[in-house]
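1. Sharing a sequence plus its predicted fold:
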Amino acid sequence: MTEQLLLQQIQEIQPLDQESMNQASAHLDQLTKPQGSLGKLESLAIQLAGITGTQAPLLERRSVIVMAADHGIASEGVSAYPAEVTPQMLLNMLHGGAAVNVLARQASAHVVCVDIGVNADIEHPRLHSRSIRKGTANMAEGPAMSRDEAVRAIRTGMEIAADEVRRGTSLFVTGELGIGNTTASAALISALTGLPPARVVGRGTGLDDAGVHRKTEAIRRSLERNRCDATDPVGVLAAVGGLEIGGLAGVILGAALHQCPVMLDGFISAAAALLAVRLAPACAAYMIASHQSDEKGHAAVLEQLGLQPMLQLDMRLGEGTGGVLALHLVDAANRIMREMATFASAGVAGASGEVPQ
Ligand SMILES: Cc1cc2ncn([C@H]3O[C@H](COP(=O)(O)O)[C@@H](O)[C@H]3O)c2cc1C
Ligand SMILES: O=C(O)c1cccnc1
């Protein structure tokens, strides 16, 4: 698929079904509670109805798509951990031992691991081997990847989403692995929004102040070296992005094309979401922000996306961990829609003082 075809395809993302949202909203107002008192659970229920065209959709198969890739910029000492951790953690995840596996089991979600650019040869029966290249180049010295590779990363995410929809997935969670990816995310966010690097750079895996300074300078050099054009999101991804960031943007676009909600995880997922929105603004309506990460800059990106996080747990891990935790809230919103009594059925007086018929 060429870049032009990809861009054409994603313009077909549909707006939400207003009629279903009106019905969901009217139903919520009939339930035995003061109007609006369930807060964000109510807006979530309305959004889910608008996305799926169904009140209280079942959303039985939920898949966390974990895109894994390495980053050339890691050689600049921008992470507290060595690059070897990416393949090591990917194997750990394939064996079910990562935090996201544990939290996904609790939320009955399915973890799909994708090697979209890890700098190692990993084989595992459950691994989706879709490697585009073995990690990006060092963006402080030149573009992270070619334009063609950036397009392929996005397309790979869209294909994975489509495959998962065929397997019955009706809700997506974004997840990732990649030492150095908070640096690539911060650079991409800075390039797309014009926010200065210092506003969006955080400690990642736990850098000290000197490390944060090094990371900020590496991003400054990368932006200077690559001279990105914010109106060309694919060009920005190629210059200062990451393969997993492109892949996740593709997952988000693919989910929206198939009218599935997509639960965003933390900082890297937000960078991918920003990229997706710049490519196809209509996909924003399909996004749910699971949590606000402790990574500095996450709040600023969520604001740019117009999203309010459901949870604030001081988490800063990625993998999809916040995303799967927030699935419990999706289930809560659906239960409210299905199981709560109405004023009429329970014989409770409404604000008017009358029990509705
Ligand atoms: C053991 C371990 C498990 C992780 N799981 C997610 N990340 C997270 O941290 C990395 C990004 O942070 P930075 O940009 O500072 O390298 C990514 O792998 C991300 O998924 C992990 C990091 C480590 C060390
Ligand atoms: O918020 C995140 O997604 C995050 C923060 C630090 C490290 N890895 C991921």
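-> That came through, no problem. Residues are numbered from 1 along each chain as shown. Ligands and ions are numbered 1, 2, ... in the order given.
2. How confident was the prediction at Gly318?
-> With respect to pLDDT, Gly318 has a value of 98.
3. near ligand 1, which residues of the stretch 51-200 of the chain show up?
-> With C-beta under 6 Å from any ligand atom as the criterion, the stretch 51-200 of the chain meets ligand 1 at residues 79-81, 85, 89, 176-183. In short, each C-beta sits where N, CA and C put it, glycine included.
4. Close to ligand 2: what parts of this protein are there?
-> Counting by C-beta under 6 Å from any ligand atom, the chain sits next to ligand 2 at 182, 204-205, 265-268, 293, 295, 298, 316-318.
5. Inside helices: which ones of those residues?
-> Thr182, Phe267, Ile268, His298 (DSSP state H).
6. nearest to ligand 2, of these?
-> Phe267 (3.6 Å; C-beta to the nearest ligand atom).
7. wait, the closest one sits on Ala184?
-> No. Phe267 is not in contact with Ala184 according to C-beta atoms under 8 Å; the separation is 10.7 Å.
8. how about the strands in this protein?
-> 61-69, 109-117, 128-129, 169-177, 262-264, 287-289 (DSSP state E).
9. Throw these into a markdown table and include mean neighbour count, distance to Gly322 and mean pLDDT, thanks.
-> Compiled in a markdown table, those are given as follows (neighbours: other C-beta atoms under 10 Å; distance: least, C-beta to C-beta, whole Å; pLDDT from 0 to 100):
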| stretch | mean neighbour count | distance to Gly322 | mean pLDDT |
| --- | --- | --- | --- |
| strand 61-69 | 28 | 11 | 99 |
| strand 109-117 | 25 | 13 | 99 |
| strand 128-129 | 16 | 22 | 98 |
| strand 169-177 | 29 | 9 | 99 |
| strand 262-264 | 28 | 8 | 99 |
| strand 287-289 | 25 | 9 | 99 |
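10. Export the ones you listed as CSV, with columns for distance to Val355.
-> Below are the strands of the chain laid out as CSV (distance: least, C-beta to C-beta, whole Å):
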stretch, distance to Val355
strand 61-69, 38
strand 109-117, 41
strand 128-129, 55
strand 169-177, 37
strand 262-264, 38
strand 287-289, 35
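11. quick one, which of those is nearest to Ala26?
-> strand 287-289 (21.8 Å; C-beta to C-beta).
12. Compute the distance between His27 and Arg155, please.
-> 39 Å (C-beta to C-beta, to the nearest Å).
13. Gly241 now?
-> In terms of C-beta to C-beta, Gly241 sits 14 Å off from Arg155.
14. Asp209 now?
-> Distance from Asp209 to Arg155, by C-beta to C-beta: 40 Å.
15. Looking at the two, which one has more neighbours?
-> Arg155 (22 against 8; other C-beta atoms under 10 Å).
16. tell me, how many neighbours does the closest residue to the more buried one other than its chain neighbours end up with?
-> In space, and not counting its chain neighbours, Arg155 is closest to Met1: 5.4 Å by C-beta to C-beta, 6 or more residues apart in numbering. Met1 has 14 neighbouring residues, counting by other C-beta under 10 Å.
17. Met1 and Thr156 touch, don't they?
-> No. Assessed by C-beta under 8 Å, Met1 is found out of contact with Thr156, at 10.5 Å.
18. can you count the residues close to the residue of the stretch 1-150 of the chain found nearest ligand 2?
-> Relative to ligand 2, the nearest point of the stretch 1-150 of the chain is Ser79 (8.8 Å; C-beta to the nearest ligand atom). Around Ser79 sit 24 other residues, with neighbours defined as other C-beta under 10 Å.
19. isn't it right up against Ala184?
-> No. Between Ser79 and Ala184 there is no contact under C-beta under 8 Å: 10.8 Å.
20. Mind pulling up the pLDDT for whatever residue of the stretch 251-357 of the chain ends up closest to ligand 2?
-> With C-beta to the nearest ligand atom, the shortest gap between the stretch 251-357 of the chain and ligand 2 falls at Gly266, namely 2.4 Å. Looking at Gly266, its pLDDT reads 98.
21. likewise Leu58?
-> The per-residue pLDDT of Leu58 was computed as 89.
22. and it, how many neighbours does it have?
-> 11.
23. now whichever helix in the chain runs longest and strand 61-69, what's the angle there?
-> In the chain, with assignment by DSSP H, the single longest helix is helix 147-166. Interaxial angle, helix 147-166 versus strand 61-69 (axes from the mean of the first three to the mean of the last three C-alpha atoms, to 10 degrees): 160 degrees.
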